[in-house]
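Engineer: got a sequence here, can you build the structure:
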Amino acid sequence: MFQHITAHIFLTVLMYIFIFLSMRIMGKREIGKLSVFDLTISIMIAEIAVFVIEDIERPIYDGFVPMATLVLIQVLVAQISLKSRKLRLLVDGKPSILISDGKLHRGEMRKQRYNIDDLLLQLRGQNIDSPADVEFAILETSGQLTVIEKNKGVSSSNQTGNSSSSAEQKEQNSGGQESSGGSDKSDKSDSSGKVKLPKHKIRYEGLPIPLIMDGKVQDDNLEMIGKNRFWLRTQIRQKGVSDFRDVFLCSIDHKGQIYIDPIGSR
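Structural biologist: Got it, this is the predicted structure:
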């Protein structure tokens, strides 16, 4: 009897240490932000550990081998997905837009099996009374709902909203000065790195548009803002980057500001 209890205690401690090390190897991520793939791996590892603890007659390697295999699969997929956006989309999926400009996307809600009660609950949790006050609501791949209020930026940060509104006022003031200043000031704005974009194309201040991701040009986004690859190559060369493949991330915001992060910058 004593040996039986001791064996269970030993296996429990051993499985705890092994699972703890496995989670550290798999990377740091909050439980609420796990992808479906990571959650599946975690559940399978926990189930295998339970089988090993319950059956003390079973050899320990019967549990260690499949658990180590799952950890190896997760690490390999994570490493490959760092370089392949297609694999990331396949494993994690894409964010879904549930609200835009105060209008509900019912088709997308049905596709994600996200009912109106769940949506209103999430909005109330971020101090938003009505979907009409929402510029953008995005269901992330982790299941978290990101909400951007109209004229305020991301709803979970008041500072973001204040800064966006003040930036909008500054932009309007600068716009008035530019209209009275003539072509000289417009040349200065071009040299400062800003790009004039059609306002009906980019409407959401909280969402910069990615133009290059992992060295691959996002042609659909380029077409959306009315630009082409030649223009994009000129922009990255002004930042000291010669080729698209040397860019980890390039995005443009609603003000025309271009952000570039070269692959060799870190």
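Engineer: separation between the residue nearest in space to the middle of the chain and Glu57?
Structural biologist: Nearest to the mean C-alpha position of the chain, counting by CA atoms, centre = their mean, stands Glu140 at 7.1 Å. Using CB to CB, to the nearest Å, one obtains 45 Å as the distance from Glu140 to Glu57. (Each C-beta comes from the backbone N, C-alpha and C, glycine too.)
Engineer: what do you get for Leu72?
Structural biologist: From Leu72 over to Glu57 (counting by CB to CB), the distance is 27 Å.
Engineer: those two - which one has more neighbours?
Structural biologist: The neighbour comparison of Leu72 against Glu57 (other CB atoms under 10 Å) goes to Leu72, with 11 against 5.
Engineer: can I take it that Ile148 is in a strand?
Structural biologist: Yes: using DSSP: H, G, I helix; E, B strand; the rest coil, the assignment for Ile148 is a strand.
Engineer: number of residues surrounding it?
Structural biologist: 24.
Engineer: and Ser96, by the same measure?
Structural biologist: Ser96: 17 neighbours (other CB under 10 Å).
Engineer: how about Leu120, nearest residue that isn't a chain neighbour?
Structural biologist: Pro131 (7.9 Å; CB to CB, 6 or more residues apart in numbering).
Engineer: contacting residues for the one you found?
Structural biologist: Contact analysis of Pro131 by CB atoms under 8 Å, 6 or more residues apart in numbering lists 99, 102-104, 119-120, 123, 137.
Engineer: closest one to Leu89 out of those residues, please.
Structural biologist: Ala137 (20.6 Å; CB to CB).
Engineer: where does that closest one sit: helix, strand or coil?
Structural biologist: Going by three-state DSSP, the secondary structure assigned to Ala137 is strand.
Engineer: tell me if I am right that Leu119 is in a helix.
Structural biologist: Yes: per three-state DSSP, Leu119 lies within a helix segment.
Engineer: next up, the contacts around it.
Structural biologist: Going by CB under 8 Å, 6+ apart, the list of residues near Leu119 reads 98-99, 104, 109, 131, 137, 145.
Engineer: now secondary structure too, for those residues, in TSV please.
Structural biologist: Below are these laid out as TSV (three-state DSSP):
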residue	secondary structure
Leu98	strand
Ile99	strand
Leu104	strand
Met109	helix
Pro131	helix
Ala137	strand
Leu145	strand
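Engineer: list buried residues within these.
Structural biologist: 98-99, 109, 131, 137, 145 (16 or more other CB atoms under 10 Å).
Engineer: for these, give me TSV that also has distance to Met213 and pLDDT.
Structural biologist: Listed next are the buried ones among the contacts of Leu119 as TSV, based on distance: CB to CB, whole Å; pLDDT from 0 to 100:
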residue	distance to Met213	pLDDT
Leu98	23	90
Ile99	25	87
Met109	27	85
Pro131	30	82
Ala137	23	89
Leu145	23	88
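Engineer: name the surrounding residues that touch stretch 70-90.
Structural biologist: Against stretch 70-90 from outside (CB under 8 Å, 6+ apart): 22, 25-27, 37-38, 41, 44-45, 48, 91-92, 213-214, 216.
Engineer: now, these that are in helices?
Structural biologist: 22, 25-26, 37-38, 41, 44-45, 48, 91-92 (DSSP state H).
Engineer: farthest-apart pair in these, please.
Structural biologist: Ile48 and Asp92, at 23.7 Å, using CB to CB across these.
Engineer: and those two? Which one has more around it.
Structural biologist: Neighbours per residue, other CB under 10 Å: of Ile48 and Asp92, the larger number sits with Ile48, 20 against 16.
Engineer: isn't the more buried one right next to Val65, touching?
Structural biologist: No: using CB atoms under 8 Å, Ile48 is not in contact with Val65, being 9.4 Å away.
Engineer: so which bits of stretch 228-236 are buried?
Structural biologist: Applying 16+ other CB under 10 Å to stretch 228-236 flags 232, 235-236 as buried.
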